[in-house]
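Enquirer: My questions are about this predicted structure, shown below with the sequence.
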Number of protein chains: 4
Amino acid sequence: MTASPGTALWGGRFAAPPDAALERLNRSLDVDRRLWPQDVRGSRAWVRALEGAEVLTTAESTALLEGLDAVADRLSGWTAADFAAAPDEDIHTLVERLLGEEVGALAGKLHTGRSRNDQVATDARLWALDAVEELDGQLRLLEVALVEQAERHAGTPMPAFTHLQAAQPVAVGHWLASHAWPLERDRGRLRDARTRIGTLPLGSGAVAGCPFPVDREALRRELGFGRVSENSMDAVADRDWVAELLFVAALVGTHLSRLAEDLVVFASPGYGFVRLSDAFSTGSSLMPQKRNPDALELARAKAGTLLGELVGLLAALKGTPSGYNKDLQEDKALLFRAVDTLTATLPAVAGTVRTLEVDADRCRAALAPSLMATDLADALVDRGMPFRSAHETVGRVLLVAERTGRPLTEFPAGELQTVAPELEGLDLERILDPARSMERRASVGGTAPGRVRDQLASLRARLG
Amino acid sequence: MTASPGTALWGGRFAAPPDAALERLNRSLDVDRRLWPQDVRGSRAWVRALEGAEVLTTAESTALLEGLDAVADRLSGWTAADFAAAPDEDIHTLVERLLGEEVGALAGKLHTGRSRNDQVATDARLWALDAVEELDGQLRLLEVALVEQAERHAGTPMPAFTHLQAAQPVAVGHWLASHAWPLERDRGRLRDARTRIGTLPLGSGAVAGCPFPVDREALRRELGFGRVSENSMDAVADRDWVAELLFVAALVGTHLSRLAEDLVVFASPGYGFVRLSDAFSTGSSLMPQKRNPDALELARAKAGTLLGELVGLLAALKGTPSGYNKDLQEDKALLFRAVDTLTATLPAVAGTVRTLEVDADRCRAALAPSLMATDLADALVDRGMPFRSAHETVGRVLLVAERTGRPLTEFPAGELQTVAPELEGLDLERILDPARSMERRASVGGTAPGRVRDQLASLRARLG
Amino acid sequence: MTASPGTALWGGRFAAPPDAALERLNRSLDVDRRLWPQDVRGSRAWVRALEGAEVLTTAESTALLEGLDAVADRLSGWTAADFAAAPDEDIHTLVERLLGEEVGALAGKLHTGRSRNDQVATDARLWALDAVEELDGQLRLLEVALVEQAERHAGTPMPAFTHLQAAQPVAVGHWLASHAWPLERDRGRLRDARTRIGTLPLGSGAVAGCPFPVDREALRRELGFGRVSENSMDAVADRDWVAELLFVAALVGTHLSRLAEDLVVFASPGYGFVRLSDAFSTGSSLMPQKRNPDALELARAKAGTLLGELVGLLAALKGTPSGYNKDLQEDKALLFRAVDTLTATLPAVAGTVRTLEVDADRCRAALAPSLMATDLADALVDRGMPFRSAHETVGRVLLVAERTGRPLTEFPAGELQTVAPELEGLDLERILDPARSMERRASVGGTAPGRVRDQLASLRARLG
Amino acid sequence: MTASPGTALWGGRFAAPPDAALERLNRSLDVDRRLWPQDVRGSRAWVRALEGAEVLTTAESTALLEGLDAVADRLSGWTAADFAAAPDEDIHTLVERLLGEEVGALAGKLHTGRSRNDQVATDARLWALDAVEELDGQLRLLEVALVEQAERHAGTPMPAFTHLQAAQPVAVGHWLASHAWPLERDRGRLRDARTRIGTLPLGSGAVAGCPFPVDREALRRELGFGRVSENSMDAVADRDWVAELLFVAALVGTHLSRLAEDLVVFASPGYGFVRLSDAFSTGSSLMPQKRNPDALELARAKAGTLLGELVGLLAALKGTPSGYNKDLQEDKALLFRAVDTLTATLPAVAGTVRTLEVDADRCRAALAPSLMATDLADALVDRGMPFRSAHETVGRVLLVAERTGRPLTEFPAGELQTVAPELEGLDLERILDPARSMERRASVGGTAPGRVRDQLASLRARLG
């Protein structure tokens, strides 16, 4: 790319054009080109604001609006290669140049009282408001996929794990729903973020405010924001909302990584609790027998790269002086990347969940009697023994079972009682039944099938 | 530290005690000891819940509550060294052991239906709810300090900078207020986080729910939570809220770093816009003339370390399987460190702001006439010239001024017009007056002194 | 803590003592107190350098050296509480104050030509040089534990996994050794870091160099550094080496997390390839049957927190101006924390590895015939079929096996050939033998038992 | 993009093609397409290795090599749009498909004994070895630019700052050189990284090693690696070297950010120590008078985004099980982005440094007499006063000067002595001369002009 002094919006005072190395580093068009619809939309609103402030006549305003429509028509047909070939520094420069091709010198009136500082902040927020809707919808679809599978298995027992050691029986639907709640919280975070994104910076000028009497409330209404910014210096430099979105994205990534980890482990041959569909498995170029959960592994990795985007932004913002600084330009590449990552990952994970099959037999086969150890201790508690002593007693019984290599259910009647006389008279068969164990956990949030159904209804209500 | 099998809550089934290396790594008491008030508070509520579920008799309940009070009395007198000398694995083990010293074997009934998994999650949330209040109050105090200084200088002009190049005149109060708004948004984020923190996990057991009919709504009311968790697996593993708090802390850190950067630069000899008080400056062990802004530099650095805490948590959570995993234990060190960092930093920054002096003369002296270049261009716009052409014209004028080394205000009448005939007839003296430049920016969020006062009133209203 | 103007090294010019909020934030003694041996050692060397530069007489030098010895004697008996009670700002101030108690006003000569800037940089590097040795030794011990177990199982077959799907048979020793190599690379990184740490900053003054003719080469020799710094501004601000150590620590953490993940999964009930010893397992306060791999889970989490320390430092350094800035003070808390984390984690992981038992039967039982699919394809390749076609052919065979639910080895002779005539004449029993599969992989780095033994010998040679 | 089962290298066993959502997420061609030269180069070497192992005949080998040359010819003309239109999953699949178009079914023999796991690891290392050379050269050019400017100003005095407060006089060349040393260390880190990158994974198969007798030493020599990997499981999963390169990149970014911060501050109106050339300044779309240091601000921000890439990788690697996992695919986007960032940033920073002008007058004007405070204290030390007392004395003098608003050099002869009789007889004019202050700092690494020249010669020697 050669220096193109003619296209920059600021060349008047410079004796030499920018060096090619500077231009290459500085140029943001390859990133911000996707903001063209927002740039045109914001510019249209600005034209009306300038007309309202009597900076533009009605005729000028009309001509500029028509010109902007023509620009939008042209840009809607541009390919990546077209943008790459454009000599402009950024999307704002490009739109203004094209506008000049449409309406001539009148285009030079568009930037009155506006700066690229408040302009780009407005464009990016407009883009983000749409992105939030998109992400919310995709999160919802993944939750629906989880809830649908959970409804199918609201009573199917499987071991719950802690420390990846089998802990207690739970319903498969309880486990699946446990991955929906974090995503539901993320949707709440998106809603909170949206409120803060919806603050309009346009009309803040470069840093000190707008010197023309534009009606910012009218601007706000036209562009669909919730409030207007109250300090121009803050307005042009505020990238909090990008950080907040990137944080929510990183947290969504973390949640996907935990779901992915569960599914990768439970789809692995040692467990086989779930089987992924062919449509969401991949093979190996060398090993014909492989069925690989690529989408889940990539989702797991994205937790890392999404965290990287968040770090990238916060570290870039750290220590910058007040007002607009060029450092802020980095925000868009990070924002777009994070949103693109999620919009590519969420449908693949949702599809994986929607099409997987739960192998109820393998789930059930993994329910060793020792998973009912707490139920056994509770039975002693019901007779008045302190839980701590009951825990000790059951621990001793388990040690014997482990050393003799027999599950608790395979001891002849009475034999366990010789180890632990406290067990005398307990109905071990009933106590060691996984279904009873699940039924007992009937307080709110517990895995008793009825409670699981309540829970799924509650999720459904939230999903609208 | 030697292995202490007698104190662990889980030794029954183990043939050998934990190795010293494991104990050293595993022990969390040095971190979680500060949770003792929350642990006692949660345990008291749990005793009442067990009584309500008829697991405990009223007499047992009364004895346990009195025992817990006695434990609290004892612990309130403990020093760091006392905790360091305790043989216990964590705060829960310690509290239960001390309770045993108070009430004997009855203490063994406390842990019925409860797990350390739901217990620690409850303790930490209780602690965090207090921490949020504390942080909110400290943020408010810093904002008040900024607003008070801003009110003193609502009309004092200074240059606003973009790219650390002087841009346009703004009120000192406008600049100071620009640092209050981000903190005000952070308070909003804390409020949103508090809602999510206020979900009660107690009553979720280890992972599958509580097998005794405890009334979780009553527990919720007693402990001051807003809602109860609806999925036990999620409840014991959810550390989202820690991540959210750490994110808000990192963002507060970022905001402090930007304020600090401004003050460090503006207190440096090249600017001297502000002078830090002796009480918030430090000296040099070698150079007697130094006055160093240590508090601000540390605040700036904390943006980095707070970001590190956030990364530490999210990376630790990434890829963990569902249910409780020991990985989650890392959350508390990170949470405590982040909150401690802010509660040490915010008062020092607030004190620095409260006691600094603005040097209005040096601020004013930095207002070169070229800062009114946009005003000059706007004057041409007022005559109908497109802004883009006006920008070019003024650029040419400035180039001449720069090359001849004279400010715009020092050109003899008419000389600039030979460079740019377009300037003919303009009242340059008036146009180049910083006070007028500020007054012109009277739209919402602008730096016109009246608008600045509106803005400060709006902040005051938010600060209560 | 109240303000203590009397103890600061820089109070001369200040009209008011530091505010308590500033003191609290600024004070680093609770962190840097562990540097006292290095501070004394560096001060002793400085005394000799000042004597060599004729700033001190021999008698003064002798008295100061004796005084420093006395200070060291006193400090070696101090507890954490003693340091907490000291009124001093940092370790340097404390040492100089105590020296004054020993030798009177003469102590005031120690700081001649030296600044805390070059002093603390020297102390921290001395500390780090020891820490590198310690970490190197601990990494070596973990590698030895891996190699010893690997030697025991150099020929025991198990499935290697990719995508956590069973891939091909490998020796258990091959798998274990695969976790030693990354640690061996980390030791190489530590060696490289040590070279850069070994640059002496002492003698750089505050920022501009030392104005007295001290012999920095002699200082270097006495303190055991490899070279002297060549630019005083860089010397007092260089924290690269901290970042480098933190990076190596984070990478070690990542390696531990991958080892931990393998062991957590392989110790879980679905696999049972390894069984952790009682001494490196923990139990549950609620579930008597649990054996939890806490040390491994914590090791896995530390990959996150160690990454956080690295981020903390790099983000804190980012954008600081040249020369010493107080921001740099954050380096020590991060450095100490990272080293402490590893020195607590590495022995626990090494102990876990050293004491685990491999269950060769469960490893063997997991070797489904489909793991030899590549071998089957290779057999077709040996007959001249292109690998890509052979892969397709075997894929078809596997699909049949999967659909009929039979392993490849359980098809009656000739039946598979009806699906894939290309298999005609192949000795399927031999081809599907895991031992042969392993033996075939005899190129360097392959899992053939002989190669594994070569590999372990190569590791042994590196471990000295 | 529609599912394209025909092109995948692994379809044989799958009943359904991959879902579009999976394909979209999984496809890496848009990232890894730039590896085509390395993929062809590695494939050529593999053909020769297979010939050496007698898996291919000489005729087959010759045909495949010619075919690969033809593929390379075709790909060298491809545009981004061509790659975007290709139906292939990744670069390996694309190359093999095109090879099939050239040589027919014979192409199916290329992948014998090789997996995409060892293949992509080899391709990426080959790419990185070139990238290291490129970065080394660019770092060198920036250092040369710094040294050239430093040589021009080896004796020009300016204030050195600590805490951004003026500290002591240094040579401008000393300050500039202080930014070269960190980069020189980074070049050393690149050299160390290169050694570790230069380990050849090819010949490791998918995970268990290569079953054909290929000569990996011959492969190593042909591809220019320093050694061959010794464990196949490690070889296919090792991404340490990517992390190491990303760390070096993040550290380079940190160094650039500190240089940028200095230049941004020193080019700002309060200092004006340097003036950026027009070719490396940009203007404002609104404010005609602006000269913005965009390249420096972007360089400063890149420290943040480069840190983000490092975090992205380490967090993605954390906790992955052994062997190849799809998570590893993320490495390339991060690696390419980090290298691209530096190769765009370094030339712009180098150009900025090369073309800036030092304003020696403004540098000199900033040398307040108080910068010689340490020299004054040292003069008292020369008379035998302990430094600590001298520091106090000078502090008192400075307080008087500050309160009366007069620099030390403007006190009438004898007046300062009334404040501090200890000053009696000192030649204050000489002591307060910045040139003498610099000359005094003549120990190694000090700012005495002779020493600065030694230092620059030492840098020159390293730069070759």
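Expert: Structure's in. What do you need?

Enquirer: Show me the helices in the stretch 1-150 of chain A, by range?
Expert: A:20-26, A:29-32, A:36-52, A:58-76, A:80-85, A:91-103, A:116-152 (DSSP state H, counting those that start in this stretch).

Enquirer: May I see those helices arranged in TSV, with mean neighbour count as well?
Expert: Yep, even glycine has a C-beta here, placed from its N, CA and C like the rest. Conversion of those to TSV gives the following (neighbours: other Cβ atoms under 10 Å in any protein chain shown):
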stretch	mean neighbour count
helix A:20-26	20
helix A:29-32	19
helix A:36-52	22
helix A:58-76	16
helix A:80-85	12
helix A:91-103	21
helix A:116-152	21
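
Enquirer: And these: which comes nearest chain C?
Expert: Of all the helices of the stretch 1-150 of chain A, it is helix A:20-26 that lies closest to chain C, at 17.5 Å by Cβ to the nearest Cβ.

Enquirer: That closest one and chain D in contact?
Expert: Yes: using Cβ under 8 Å from any Cβ of the partner chain, helix A:20-26 reaches chain D at A:21, A:22, A:24, A:25, A:26.

Enquirer: I'd like the helices of the stretch 1-150 of chain A as a markdown table, with mean pLDDT and distance to residue C:306 appended.
Expert: As requested, these are arranged in a markdown table below (pLDDT from 0 to 100; distance: least, Cβ to Cβ, whole Å):
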| stretch | mean pLDDT | distance to residue C:306 |
| --- | --- | --- |
| helix A:20-26 | 96 | 33 |
| helix A:29-32 | 96 | 32 |
| helix A:36-52 | 98 | 41 |
| helix A:58-76 | 98 | 47 |
| helix A:80-85 | 95 | 40 |
| helix A:91-103 | 98 | 41 |
| helix A:116-152 | 98 | 31 |
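
Enquirer: For residue C:231, which of those helices is the nearest?
Expert: Closest to residue C:231 of the helices of the stretch 1-150 of chain A, according to Cβ to Cβ: helix A:20-26, at 26.7 Å.

Enquirer: next one: the closest one to chain centre, how far?
Expert: 33 Å (Cα atoms, centre = their mean, to the nearest Å).

Enquirer: for stretch A:89-97, same thing?
Expert: Stretch A:89-97 sits 31 Å away from the centroid of its parent chain (Cα atoms, centre = their mean).

Enquirer: Output that stretch as CSV, nothing but the C-alphas.
Expert: Extracted in CSV, the C-alpha atoms of stretch A:89-97 (Å, rounded to 0.1, in the frame of the first residue of the first chain):
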residue,chain,number,x,y,z
GLU,A,89,-7.7,4.8,6.4
ASP,A,90,-10.9,3.6,8.0
ILE,A,91,-14.6,3.1,7.4
HIS,A,92,-15.4,6.7,8.3
THR,A,93,-13.0,8.1,5.7
LEU,A,94,-14.3,5.6,3.1
VAL,A,95,-17.9,6.5,3.7
GLU,A,96,-17.2,10.2,3.5
ARG,A,97,-15.2,9.8,0.3
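
Enquirer: so which of the residues of helix A:20-26 next to chain D comes closest to chain B?
Expert: The closest of the residues of helix A:20-26 next to chain D, once distances to chain B are taken by Cβ to the nearest Cβ, is residue A:26, at 12.2 Å.

Enquirer: need the contact list for the closest one.
Expert: Residues near residue A:26 by Cβ atoms under 8 Å, 6 or more residues apart in numbering or on different chains: A:18, A:89, A:326, D:282, D:294, D:295, D:298, D:348.

Enquirer: Highest neighbour count among the residues you listed?
Expert: Among those, residue D:295 has the most neighbours (other Cβ atoms under 10 Å in any protein chain shown), with 31 neighbours.

Enquirer: That one: what's it in contact with?
Expert: Going by Cβ under 8 Å, 6+ apart, residue D:295 touches A:21, A:22, A:25, A:26, D:280, D:345, D:348, D:349, D:351, D:352.

Enquirer: Including distance to residue A:60, could these go into a markdown table?
Expert: Formatted as a markdown table, the contacts of residue D:295 follow (distance: Cβ to Cβ, whole Å):
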| residue | distance to residue A:60 |
| --- | --- |
| A:21 | 40 |
| A:22 | 35 |
| A:25 | 37 |
| A:26 | 32 |
| D:280 | 37 |
| D:345 | 42 |
| D:348 | 39 |
| D:349 | 43 |
| D:351 | 42 |
| D:352 | 41 |
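
Enquirer: Could you find which two of the contacts of residue A:26 are furthest from each other?
Expert: Across these (Cβ to Cβ), the longest gap, 14.1 Å, separates A:89 and D:348.

Enquirer: neighbours around the residue in the stretch 201-350 of chain A positioned nearest to chain C, how many?
Expert: Residue of the stretch 201-350 of chain A nearest chain C, by Cβ to the nearest Cβ: residue A:270 (3.2 Å). Counted by other Cβ under 10 Å, the residues lying close to residue A:270 total 21.

Enquirer: Can you point out the helix or strand that includes it?
Expert: Using DSSP states H and E, residue A:270 maps to neither a helix nor a strand.

Enquirer: Residue A:444 and residue B:423: what is the separation?
Expert: 76 Å (Cβ to Cβ, to the nearest Å).

Enquirer: out of these two, which sits in the more crowded spot?
Expert: Here residue A:444 and residue B:423 are compared on neighbour count by other Cβ under 10 Å; more neighbours surround residue A:444, at 23 against 19.

Enquirer: can you give me the end-to-end distance of stretch A:232-251?
Expert: Stretch A:232-251 has its terminal residues 31 Å apart, counting by Cα to Cα, to the nearest Å.

Enquirer: leaving aside the residues next to it on the chain, what's closest to residue A:63?
Expert: Leaving aside its sequence neighbours, residue A:63 sits nearest to residue A:103 (Cβ to Cβ, 6 or more residues apart in numbering or on different chains; 5.4 Å).

Enquirer: ditto for residue A:296
Expert: Here the residue nearest residue A:296, using Cβ to Cβ, 6+ apart, is residue A:260, at 3.9 Å.
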